[in-house]
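[1] give the three-dimensional model of this entry:
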Amino acid sequence: MVEGRKHGVESICSILSRAGLQVAPSTYYAAKNRQPSARAQRDAELRPALRELWENNYRVYGARKLWKAAQRAGWDIGRDQTARLMRAEGIQGVVRTKGVRTTRPDEAAARHPAG
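    Sure thing, here's the model as predicted:
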């Protein structure tokens, strides 16, 4: 137990080692204290810019149009990266489809006999 907690890093690592997976607690702490990757830093820079572009375009742009708008705004970004960051931000373009049309039966009309 670490600091009164049942599921501390050391106890979890010892359970994993009993299961055949050797994981040192220092591995966890090294990953926790590591600086963000270049991709994470770039994403943190791009996400607010993409959201602002999306907001400025009436929240209707999908990944393709937002990607083009970002390029016009001077951002060097890929289309798939734009789609990934849009998903991470929880934004999406407007889907313009036709409404579902169904027939409504006339209750007074004669029915075909069953069977």
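[2] okay, residue 28: pLDDT?
    pLDDT recorded at residue 28 is 89.
[3] can you check residue 71 too?
    Confidence score, pLDDT, at residue 71: 98.
[4] show me the contacts for it.
    residue 77 (Cβ atoms under 8 Å, 6 or more residues apart in numbering). Backbone N, C-alpha and C define where each C-beta goes, glycine included.
[5] residue 28 too?
    9, 13.
[6] measure it to residue 12 for me?
    According to Cβ to Cβ, to the nearest Å, residue 28 and residue 12 sit 8 Å apart.
[7] same check on residue 44?
    In terms of Cβ to Cβ, residue 44 sits 29 Å off from residue 12.
[8] which one of those two is surrounded by more residues?
    residue 12 (15 against 10; other Cβ atoms under 10 Å).
[9] which element is that one on?
    Secondary structure from DSSP states H and E places residue 12 in helix 9-18.
[10] the helix or strand hosting residue 45 - what's its average pLDDT?
    Counting by DSSP H and E, the element that carries residue 45 is helix 38-56. Helix 38-56 carries an average pLDDT of 98.
[11] cheers, nothing more for now.
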